[in-house]
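S.K.: show me the folded form of this:
(3 chains)
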Amino acid sequence: MDSRTAIDSKNKNPLRFLEPIGKAFSDFGKRFADGSLGTKLSHFIFGAGNFYHKQYIKGLLFFLLQVAILWFMIFCPSVNGTPYGYKALSNLSLRNLSEGGDFDPLTGQFTAGSDCKLMILFGFVTIAVIIIYFMVWNMNIKSSFKADMDRKVGKKPTTFTEDLKELLDSKFHITMLTPTCIAAAIFTILPTIFMIALAFTTYNDQDMNNLGTNLFHWNGLQNFQAVFTGEGSLGVEIKNRFMPVLGWTFIWAIFATFTCYFGGIILALLINKKDLKGKKFFRTIFILTIAVPQFISLLAVRNLLGEYGPVNAMLMNWGWIREPVGFLGLNNGDSETLAKVMVIVINMWVGIPYTMLMTSGILMNIPSDLYEAARVDGASTAKMFFKITMPYVIFITTPYLISSFIGNINSFNTIFLLTGGGPTYTGYQAGGTDLLVTWLYKVTIDQGSYNTGAVIGIFTFLITATITLVTYRRSRAYNEEDTFQ
Amino acid sequence: MSTNVHPKKYRSQSRNRVVSLSVTYTILVILGIIWLIPLVWIVLSAFRCEFQPDGTFIGRVTSNFFPRSFGLKNFQDLFSATYYGVPKAFLRWMLNTLIIAVIDCVISTFLVLSVAYCMSKLKFRMRKPFMNISMIIGLFPGFMSMIAIYFLLKSIGLTGNPSHPEYSMIGLVLAYSAGAGLGFQIAKGFFDVIPNALVESAKLDGCTNFKIFRRIILPLAKPIIIYQALMSFTGPWMDFIFAKVIIGADNAAYWTVSVGLYSMLFGTHPDTNLFTQFAAGCVIVAIPIVTLFMFLQRYYVEGVTAGAVKG
Amino acid sequence: MKKWIAALLAVVMSISMLTGCGGGNGGNGGNQVKDDGVIRIWVGEESAEFYQKVCDEYLAAHTDFGYKIEVKGMDTGSIAGTITNDPTAAADIYTVAHDNIGKLASTQCAKPITDETLIAQVLADNPESYRNVIYSTLNGQQYLYGVPYISQALFLYYNKAKVTEEQAKTFEGLQEAAKAAGTKAITVTGDDGYNMSFALLARKVSDHSTTVKIFEGAESVSGGSKGESNCQGDDTVAIIRWLQAYAADPNGFKWASSDGWDADLDKDNNGVLAVIGGAWHYNTAKSALGETNLGITMIPTFKLTAEAVEGLSGVAAGDEYRGGTFADCKCFMINAYSAAAKYAKEQELILYLSGKEVQNASYLECMNVPAYVGAESYIKQCYDEGKVTESQYNLAAMQVSMSEWGIPQPFITGTLNTYYYSKNAPAVFRAMIDKTAYPTTGDQVLSETESLEGVRRGLYLVEYLWMHGVTPKEFPASLPEKA
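M.R.: All right, here's what the predicted structure looks like:
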């Protein structure tokens, strides 16, 4: 436990991550000077040192890696005519672009112009590959130098099997984390960086159509300026709709979280009432909404509430309404407030069972002597609920509250499937019930305004990240991680 | 006098209890009905079999909650129909989804467990930074990176490959499971509850970390394994956006079932008369998932609770 | 300590190496996919089976063709989007509505057609009006891009049980029938530019005239002249004001319900009596009304009211107009990324697929209305010979008649089809009919559309959006701008 606290206190230094880099540089000279011939050679040919120490498999792996990366860098494999490798690095500047369109009617040969989005993406991939190259380079030297040292003190350099064994024990975390790190780097981190980068470009299908070009450029911070001046399609949309959408996103997240939370607790109390028969039966009914895929259950609700759906027909039969009510704001002119209330109510239908399930377990674990003591003191049922049950449950489930709040901010399905963001605001992408995520979807996937989407994405991210980090760092789960262990 | 108080109080208490119990029953029954209405309606629509006077089948949403006549036509049509030029498309979609879900389930569960174990029980330098980074990355909406993922997969030939459209199913599995490891928080919460002493004593006995994971942690982790497997298995059945982009709008033969069902209702020229068929499809899709949930309910609750308590 | 990360990164690297093999030839001009001996074709979902059959027949007759042919059915509305996302993954030959030609050509997803025989066939078979819209430019030179094979235009579906044939001929008649039935009279299938053409392109019955011009005489060169557009004529103003009143009437026009226009049309719901739609809506309309109740006719006529022409000099109350339409066509196009070796064979195949015989067969089997001039005689012949039902005949015949009242959706290279793609023009149009402001919040461009001045400004805005793709900074002091 002590060692961990030591590590954690070291963690506090924000520049800590720079230390290994500095150390690498200082070690570098030393290794080149002190190393064996193999180590010296390793600076140029990967794995040479390992061969020198007869660690053939390891040496071969290093060497193959070097060959592969160099091949990748020099021969520039291409996808859709956009190259990787050294060409990708110069392409990243988005200069010297070609409009393309050379066509030879006789042969049918057609040459397309530059694909800027791929140039950016492949540029980033290439940079990542270069970083990997230097990491491997450093590792290969270190590995050889370690073998040098082992020799010096009279030990045999480690064999391949020994290295493998180590991976199952002292370096087990590397074995376990590597697949996730690689997968996340390729499919999550790289695309995210790419997306962020688009915020600094003119990549906007609508604008590009108007200019009659397929090419886009870096434009620095102009997009962010446009947000404040309200210029261009990006500026108009974000300036006028960001605050309303952000506000509604928060109202939604707060209501969605707390209605489901307290609703769930109350439902759990009802179901777990002493002497109540058929607990399992009732629980099963409520679990159904969790088990049925959301695009099915939510579309069912949407159609039930449709203009000509059963609910409107029934209300009209009973004479409660004269004309169909637009519950979900799907038509122009439907009430936005009603749509907002409806999505929150329908979300309770989806969300309450989750909390019910979760709190059921917790409720049963409340130490019964707490209640006994209260009963002796003559406390009423209501008092016991507010003084014992609620505080206990809230205390235990704070982390859940935080994560479900964040989850609700990004609750795509509920809005997308129920209202589609409606009622629409003529002239804008963002409708009355659009959350930041659904707005992003419309702007990027429907409209192809990638720079607008990226700017909204960055703003959204800054807000959610701040909330999360602040609340998370203060939460018990983070600070008292070891209390249960 | 005083002796009378107790029985009286007792009697009134039991009367109170009966009243409160029946109130509870009433509330629960009403809530239960509200909760079931939309689902019952979908099932009823799936079995609806109504015709116009001139024999045209009515497949659209109608204002009557209860069908005027029942039949299996929707199911028959669903299984025999050709959609997007794919004969018996629905069966193929079910099969595709099953394959994708099973593979995704195995890979994702493995990744989640391994990361969660590291984060919970191993001590190493990058632990806290890794946890923070993984949480922050989870905040970016996934579809923003959809085009990037498409072209990265295309770079390795796993999508947008006209001569091998089936490869895009591998691509989809990769895209689904790649990020899974970052969602380790719930499993970590579960592992955190396993006493460290257990690990320490095994270490003293000379067990390697791998052995500890295999022999001690995994057997204890059955609920969380099942929870994770359930979650990642059901994921592909519910995604209707990502799958279409990765597999390709033209490769209807390799779509997952949710993409297919969604396209039935929301094409450019949607045929709303397919609604009852859509409902039939929904019922078929929901059956295996609901059954799984019912059987594995206990583990699901344990998983949810672990995640909630230890975020 | 991290050396084994490297080992696993080797996997990544080897995957990257695959890139080279999977991704194409690299080097200069290497954006063509490999020729793998298959020509892939994307057509509308409903006709996929038919075209596969036709292609198989062609292969059987031409054993030396040298390529296999694979036909796939696609959602026609999203084909263009799918292609522009990643043209290398798209089919060698695809079919789109002609208004996508500009977009596909300018985003370099399409290859020009240069085969003399094919060009001759296209020019000989198709109406004059198509010629402006199937050509586009590449590096300053004009090329044929699209080969028409299906024509599309809007017409009217109506509920025969509630509307007489006579009533369906005029908007006023529909209104009268709606009053009797206690419903709205008419709706459209969507509020995009294409569907709104019924009002925008309405023409005077007496001389087929309209003052509306969209990109007339435009040079189809990137950055070239956008030609002349006009949307501010007195007739257009009067039509908008007429439609405003018609939409406000309890038995007039309504926008399609969120449940779908067919839910409105459904006889049980009794929402509207008629809908302006196209041939591709036939099955849905049929299922809403039943075949016996489904009437098909031309888009009705209407008479301008005194209120509509108030303050306008170019029109008079009682002038009769007929709702217009964009008379479009669907075209075969060749993918720019298709291997050069296939080029000749692709054109040969298109020559066959767009020939009159195959177009006729596709009418019989898939209800695709042929695009060639004189198709009506074949349509009539099919009906006379009892090969098609009455409603199937009406469908094709009415569409052909409506084509005479419409123009193909115009587009310009570079700016594309501004009417359709700069989505704000239809939004302004809708705002005018709803008499709301545009945009609904924020810095308002158009604060009201109720007054004559408001309508004039709205139409100026539409025209400005066509020409510039953005909203103007301010309005001219007096409207109309042009006399």
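S.K.: SS state for C:Ala218?
M.R.: Classification of C:Ala218 by DSSP: H, G, I helix; E, B strand; the rest coil places it in coil.
S.K.: could you check how far the residue lying closest to it once chain neighbours are set aside is from C:Asp86?
M.R.: Nearest residue to C:Ala218, sequence neighbours excluded (CB to CB, 6 or more residues apart in numbering or on different chains): C:Gly227, at 3.2 Å. Quick note: C-beta positions are derived from backbone N, CA and C, even for glycine. With the distance defined as CB to CB, to the nearest Å, C:Gly227 ends up 33 Å from C:Asp86.
S.K.: neighbour count: these two, which is higher?
M.R.: C:Asp86 (21 against 17; other CB atoms under 10 Å in any protein chain shown).
S.K.: specify the residue ranges that define each domain of chain C.
M.R.: Annotated domains of chain C cover C:39-152+C:328-407, C:155-326+C:422-468 [automatic domain parsing].
S.K.: make a markdown table out of these and add mean pLDDT.
M.R.: Supplementary listing: the domains of chain C in a markdown table, determined by pLDDT from 0 to 100:
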| stretch | mean pLDDT |
| --- | --- |
| domain C:39-152+C:328-407 | 90 |
| domain C:155-326+C:422-468 | 89 |
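S.K.: which residues of chain B fall in strands?
M.R.: B:50-51, B:57-58 (DSSP state E).
S.K.: strands along the stretch 51-200 of chain C, start to end?
M.R.: Ranges of strands in the stretch 51-200 of chain C, per DSSP state E, counting those that start in this stretch, are C:68-74, C:93-97, C:110-111, C:135-138, C:141-144, C:147-152, C:155-159, C:184-188.
S.K.: list the buried residues for the last one?
M.R.: Under the neighbour-count criterion of 16 or more other CB atoms under 10 Å in any protein chain shown, strand C:184-188 has C:184-188 buried.
S.K.: just those that are near chain A?
M.R.: Residues of the buried residues of strand C:184-188 in contact with chain A (CB under 8 Å from any CB of the partner chain): none.
S.K.: out of the residues you listed, the closest to A:Gln429 would be?
M.R.: Taking CB to CB as the measure, C:Val188 is the one of those closest to A:Gln429, at 22.1 Å.
S.K.: OK, contacts around the closest one?
M.R.: C:195-196, C:198, C:255-256, C:261, C:275-277 (CB atoms under 8 Å, 6 or more residues apart in numbering or on different chains).
S.K.: confidence score at the residue nearest to the spatial centre of chain A?
M.R.: Residue closest to the average C-alpha location in chain A (CA atoms, centre = their mean): A:Thr188, at 7.4 Å. pLDDT for A:Thr188: 88.
S.K.: in terms of residue numbering, what are the domains of chain B?
M.R.: B:2-77, B:81-310.
S.K.: kindly reformat the ones you listed as CSV containing distance to A:Thr175 and mean pLDDT.
M.R.: Converted to CSV, the domains of chain B look like this (distance: least, CB to CB, whole Å; pLDDT from 0 to 100):
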stretch, distance to A:Thr175, mean pLDDT
domain B:2-77, 45, 84
domain B:81-310, 8, 86
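S.K.: low-confidence ranges in the stretch 1-150 of chain A?
M.R.: Applying pLDDT under 70 to the stretch 1-150 of chain A flags residues A:1-18, A:20-21, A:24.
S.K.: repeat the analysis, applying 90 as the threshold.
M.R.: A:1-44, A:47, A:49-56, A:78-82, A:95-114, A:138-139, A:142-150 (pLDDT under 90).
S.K.: in it, what residue is nearest chain B?
M.R.: In the stretch 1-150 of chain A, the residue that lies nearest chain B is A:Val79 (4.9 Å; CB to the nearest CB).
S.K.: neighbours around that residue, how many?
M.R.: For A:Val79, using other CB under 10 Å, the count is 26.
S.K.: the residue lying closest to C:Ala306 once chain neighbours are set aside: what's it in contact with?
M.R.: Spatial nearest neighbour of C:Ala306, excluding adjacent residues (CB to CB, 6+ apart): C:Ala317 at 4.3 Å. Going by CB under 8 Å, 6+ apart, C:Ala317 touches C:303-306, C:308-309.
S.K.: can you rerun that using 7 Å?
M.R.: C:304-306, C:309 (CB atoms under 7 Å, 6 or more residues apart in numbering or on different chains).
S.K.: surely B:Ile224 and B:Phe190 touch.
M.R.: Yes - B:Ile224 lies in contact with B:Phe190 (CB atoms under 7 Å); the separation is 4.2 Å.
S.K.: whichever strand or helix holds A:Glu372 - what's its average pLDDT?
M.R.: Following DSSP states H and E, the helix or strand that holds A:Glu372 is helix A:368-376. Across helix A:368-376, pLDDT averages out at 81.
S.K.: where does the stretch 301-450 of chain A dip in pLDDT?
M.R.: A:306-309, A:319, A:321-326, A:329-335, A:354-407, A:409-411, A:413, A:420-429, A:444-449.
S.K.: chain C contacts on that one?
M.R.: Contact residues, the stretch 301-450 of chain A versus chain C (CB under 7 Å from any CB of the partner chain): A:306-309, A:330-332, A:425-428.
S.K.: apply 6 Å and report the result again.
M.R.: Within reach of chain C by CB under 6 Å from any CB of the partner chain, the stretch 301-450 of chain A has these residues: A:306-308, A:330-331, A:425-428.
S.K.: which one of those sits in the busiest neighbourhood?
M.R.: A:Glu307 (26 neighbours).
S.K.: quick one: secondary structure of it?
M.R.: coil.
S.K.: list the contacts for it?
M.R.: A:324, C:257-259 (CB atoms under 6 Å, 6 or more residues apart in numbering or on different chains).
S.K.: let's see that with 8 Å instead.
M.R.: So A:Glu307 contacts A:324, A:326, A:330-331, C:257-259, C:263, C:271 (CB under 8 Å, 6+ apart).
S.K.: got those as TSV, with secondary structure and distance to A:Glu19 columns?
M.R.: Below are the contacts of A:Glu307 laid out as TSV (DSSP: H, G, I helix; E, B strand; the rest coil; distance: CB to CB, whole Å):
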residue	secondary structure	distance to A:Glu19
A:Pro324	coil	67
A:Gly326	coil	61
A:Leu330	coil	57
A:Asn331	coil	61
C:Ser257	coil	65
C:Ser258	coil	59
C:Asp259	coil	63
C:Ala263	helix	66
C:Gly271	coil	71
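S.K.: kindly reformat those residues as a markdown table containing distance to C:Lys204.
M.R.: Shown next, in a markdown table, are those (distance: CB to CB, whole Å):
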| residue | distance to C:Lys204 |
| --- | --- |
| A:Pro324 | 37 |
| A:Gly326 | 37 |
| A:Leu330 | 37 |
| A:Asn331 | 33 |
| C:Ser257 | 32 |
| C:Ser258 | 35 |
| C:Asp259 | 36 |
| C:Ala263 | 34 |
| C:Gly271 | 31 |
